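K.L.:
Predicted model and sequence below, questions to follow.
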Amino acid sequence: MEMMILPMKAQTVELASLFAMVFIGIPVCILDIRSYHIPNGLTLGGWGTGLILLALYLPAQLEIYLSGSAMALAVFLPVFYLFPGKMGGGDVKLALLVGGLTGPFRWFFAHFTAVFFGILFFLVVHKTHFHKKSLPFGPFLCLGGVTALLPCWKELI
């Protein structure tokens with residue numbers, strides 16, 4: 001018995017990526033804010049699932065998925081190793097997932113959005129209301145990923 005693979009449109013993949021980012025992003029945000037820990041099951045599990053689904057249903061998009069992940073690693077991995085303790089490994093793996101879901105071009109927008117809102121939050125809210133020195137970056141990465149995947153940005157990005 002042969003497995004039948006249904007064709008998918010690129011728009012369907014974008015919508016599925018948006019839902020995956022929201023579905024994975026909500027627990028990531030909660031856990032990162034509460035415990036400063038992002039579980040590998042969410043980040044690497046989500047990344048691997050996306051890789052397998054693309055390979056099965058839309059192999060032409062696989063290169064975009066992998067190049068977005070590679071670009072995210074190229075930015076986050078050096079920061080993780082050059083500044084130990086400033087960024088956690090969960091943030092690097094989450095960036096891998098966001099890069100894969102957004103692709104290389106939208107990943108720049110996602111990263112810019114995450115950094116912008118992270119800095120804004122730090123300057124406005126964090127300094128006055130929180131006494132912890134560190135700021136969880138996972139929620140801002142998720143916000144950047146969701147923002148980059150919103151359909152209304154399609155014509156601009």
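P.N.:
Perfect, thanks for sending it.
K.L.:
Any stretches of the chain with poor pLDDT?
P.N.:
Per-residue confidence of the chain (counting by pLDDT under 70) places the weak regions at 1-11, 126-133, 152-157.
K.L.:
Leaving out sequence neighbours, find the closest residue to residue 26.
P.N.:
Among residues not flanking residue 26 along the chain, residue 142 sits closest, at 8.0 Å (Cβ to Cβ, 6 or more residues apart in numbering). The C-beta positions use only the backbone N, C-alpha and C, and glycine is treated the same way.
K.L.:
Give me the number of neighbouring residues for the one you found.
P.N.:
Applying the criterion other Cβ atoms under 10 Å, we find 25 residues in the vicinity of residue 142.
K.L.:
Equivalent analysis for residue 117, please.
P.N.:
A count of neighbours around residue 117, defined by other Cβ under 10 Å, yields 16.
K.L.:
what comes into contact with the helix or strand containing the residue nearest to residue 26?
P.N.:
For residue 142, the host element (DSSP states H and E) is helix 138-149. Residues from elsewhere that reach helix 138-149 (Cβ atoms under 8 Å, 6 or more residues apart in numbering): 14, 17-18, 21-22, 24-26, 28-29, 31-33, 38, 90-91, 94-95, 97-98, 101-102, 106-107, 109-115, 117-118, 121, 153, 157.
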